[in-house]
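Enquirer: okay, structure incoming, though there's no sequence with it:
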């Protein structure tokens, strides 16, 4: 029996409850064995916009998932220390774990961007994509993506960083342990 692994990639800067809801819903709906949160080293489509380190992002992820035994962290992209192209990562993961079946989870904003992904045709042969619709994105594609209907909650890491920088509350948007970590380490402009 192949192990079924969901991969949820992102900057997780910071990880928030939207990420956790998506992971939990897909884990159960697809009867996956685990969900791996895969922080990227340097996403090809984004600029670094915060004062966090890789260690900060990893620690916040650890704090976010510590109470869920089937949530794990996949550090393969951080170890490679180069631009994170999903195709290269999935080729490597399939080589390291040939007995696993991988499901790659993406939001509607990334679905709209798929035609620009590096080696997208080859990537489609490696993994099954699961698409989560997000407000303000079309979420339309000709690629074979399984769309999933889960409770919609619009939270983004950039919105959270902005709220923190402006001294606004992020209670209930982040796990309490993550809020404490952010305050303790004065991330995102906290006082």
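Expert: Yep, that arrived. The structure presented is a predicted model; accordingly, all values stated were derived computationally and were not measured.

Enquirer: so what does the helix or strand of the chain with the lowest mean pLDDT touch, helix or strand wise?
Expert: The weakest-scoring helix or strand in the chain, judged by mean pLDDT, DSSP states H and E, is helix 108-113 (a mean of 77). Contact partners of helix 108-113 among helices and strands, from 3 or more C-beta pairs under 8 Å, 6 or more residues apart in numbering; DSSP states H and E: strand 128-132. To be clear about C-beta, it is placed using only N, CA and C from the backbone, and glycine gets the same treatment.

Enquirer: partner strands of the strand it packs on, with direction?
Expert: Sheet pairing of strand 128-132 (DSSP bridges) gives strand 100-107 (parallel), strand 145-148 (parallel).

Enquirer: least confident of these, on average?
Expert: Among the strands paired with strand 128-132, strand 145-148 carries the lowest mean pLDDT, a mean of 84.

Enquirer: name the residues of that one that are buried.
Expert: residue 145 (16 or more other C-beta atoms under 10 Å).

Enquirer: repeat for stretch 110-124
Expert: 110-112, 114, 117, 123-124.

Enquirer: ditto for stretch 19-31
Expert: Buried, per 16+ other C-beta under 10 Å, within stretch 19-31: 19-23, 25-27, 30.

Enquirer: show me what it is in contact with.
Expert: For stretch 19-31, contacts defined as C-beta atoms under 8 Å, 6 or more residues apart in numbering pick out 4, 6, 8, 10, 12, 32, 34-35, 37, 64-65, 68, 70-71, 103, 105, 107, 130, 132, 148, 150-151, 153, 175.

Enquirer: where along the chain do the strands fall?
Expert: 3-10, 34-39, 71-73, 100-107, 128-132, 145-148 (DSSP state E).

Enquirer: out of those strands, flag the one nearest residue 166.
Expert: When the strands of the chain are compared by C-beta to C-beta, strand 3-10 sits nearest residue 166, at 22.8 Å.

Enquirer: give me the buried positions along that closest one.
Expert: Applying 16+ other C-beta under 10 Å to strand 3-10 flags 4-10 as buried.
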